Structures are given as structure tokens and as C-alpha cells.
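**Student:** Build me a model from this:
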Amino acid sequence: QLAKEIETIIKAVKAEPGMDTLAAHLKVKNSAEGTLIELTDDDDSFMFSVGSSGLKPGAVALLEKLAPIFARMRNKIEIHGHTDSRPFETGSKKTNWDLSFERANEARRVMEAAGVPPGRIVGVQAHADSMPRNRKEPMAPENRRLSLLILKEKPKVPKTTKREAEPTNPFEEPAKPAAQ
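**Tutor:** Numbers count the residues shown, from 1 in each chain. Coordinates of the predicted model:
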């Protein structure tokens with residue numbers, strides 16, 4: 001259901017004047033966690049200049065078109081940044097981990113400024129070059145990408161007593177029993 005909804009949205013974006021070439025950088029697939037929308041760079045460096053976290057105008061325009069659609073959905077969103085394997089200059093304090101996070105966080109800023117409500121985006125994650133799209137060519141432009149994971153809504157689970165409840169956040173302390 002979610003994937004069909006998103007596919008319909010992307011077809012509508014592609015049909016808009018001037019968006020067809022930008023929308024060609026979008027790929028959609030289902031995963032166990034939800035629907036994954038990937039904005040993939042190409043030889044045209046549509047999204048970023050090499051080594052830069054600043055989004056180019058076309059990428060900003062595409063995220064701004066998607067943001068109001070995501071704003072209407074109830075699903076939570078994670079943004080994942082990926083880089084190619086191009087190393088930074090020797091002595092640079094910046095790494096592909098930093099760059100992939102900065103790119104994902106820049107996408108978050110654009111989407112929130114374009115209407116995605118605070119709290120809807122629940123994660124900004126860096127993957128550096130650890131998950132290449134093109135494993136045979138680690139420097140390939142398609143390895144530079146942003147992945148927007150639209151999470152499936154979790155089924156409602158009956159409430160349990162505080163004593164039975166497990167923390168849902170792995171960094172959260174378990175609830176302490178009430179004093180008797």
C-alpha cells in the first residue's frame with residue numbers, strides 16, 4: 001500500500017514540467033522496514049559537488065517537491081547518507097563518514113524547511129562508502145546517494161503494565177516499579 005502510494009506520487013512529480021530529468025535520479029523499492037526512496041547521483045553530479053555536503057539546486061527542488069507529500073503521511077522517516085570511496089586528502093580531518101552524515105542532515109534541513117513536521121524525521125544516518133550501490137566501481141557516482149526510508153507503521157500493540165513494559169529505545173532505562 002505504502003509503496004503504491006509513493007510510486008503514484010513519484011509519477012506525478014515526473015510529470016511536472018522540468019522535473020522529469022530530476023526525477024530520473026529517483027529509485028523506489030520495498031524493504032522489510034518500509035519503502036526506500038533513493039536519490040542517486042550520476043555523472044552529472046546532480047546532487048553534490050565531489051567532496052561537498054551542499055545540495056545542488058536540482059536536488060533541493062526534488063526534496064522540496066517530496067516534502068509536502070511526506071508531511072501529509074503519518075509515517076516516520078529516516079534519512080541515510082552514502083558516499084563513493086574517493087578518499088579525502090592526506091591530513092584532512094574530514095572523512096566519508098562525516099560527509100555522508102552532513103549530506104543526510106542537509107536533506108533533513110531542506111525537507112523540514114519545506115514542510116515536513118519536526119519529529120517526523122526520526123533518524124539521520126551516515127554510511128560513508130560501506131554500502132555501495134555499485135560494488136564493482138567504488139568511485140562510481142551512483143554510490144553517492146541519499147536514501148529516504150519511509151517506515152512502515154507499526155501495528156498497535158495492547159498496552160502492558162509498566163512492570164511488563166520493555167523500553168522501546170535501547171538507550172532508555174527500563175521503567176522502575178512504583179514505590180509500595
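**Student:** List the buried residues for stretch 23-42?
**Tutor:** Judged by neighbour count (16 or more other C-beta atoms under 10 Å), stretch 23-42 contains these buried residues: Ala23, His25, Leu26, Gly34, Thr35, Leu36, Ile37, Glu38, Leu39, Thr40, Asp41. C-beta here means a position set from N, CA and C on the backbone, and glycine is covered the same way.
**Student:** residue contacts, the residue most central in space within the chain?
**Tutor:** For the chain, the residue sitting closest to the mean C-alpha position, by C-alpha atoms, centre = their mean, is Ile79 at 2.2 Å. For Ile79, the contacting residues are 104-105, 107-108, 111, 121, 123-125, 146-149, by C-beta atoms under 8 Å, 6 or more residues apart in numbering.
**Student:** And stretch 140-149, end to end?
**Tutor:** 22 Å (C-alpha to C-alpha, to the nearest Å).
**Student:** Can you name the residues in contact with it?
**Tutor:** Outside of stretch 140-149, the residues within contact range by C-beta under 8 Å, 6+ apart are 31, 33-43, 45, 47-48, 59, 66, 70, 77-85, 103-104, 107, 129, 132-134, 137.
**Student:** Mind checking which of the residues you listed are in helices?
**Tutor:** Ala59, Leu66, Phe70, Arg103, Ala104, Ala107 (DSSP state H).
**Student:** Which pair of these spans the longest distance?
**Tutor:** Using C-beta to C-beta, the two most remote members of the ones in helices among the contacts of stretch 140-149 are Phe70 and Arg103, lying 17.9 Å apart.
**Student:** more crowded one of these two?
**Tutor:** Arg103 (27 against 22; other C-beta atoms under 10 Å).
**Student:** Not counting sequence-adjacent ones, nearest residue to the more buried one?
**Tutor:** Spatially, and ignoring its direct neighbours in sequence, Arg103 is nearest to Gly81 (4.2 Å; C-beta to C-beta, 6 or more residues apart in numbering).
**Student:** Number of residues surrounding that neighbour?
**Tutor:** Residues within reach of Gly81, counting by other C-beta under 10 Å, total 28.
**Student:** For it, give the beta-bridge partners.
**Tutor:** Gly81 forms beta bridges with Ala126, Leu146, as assigned by DSSP bridges.
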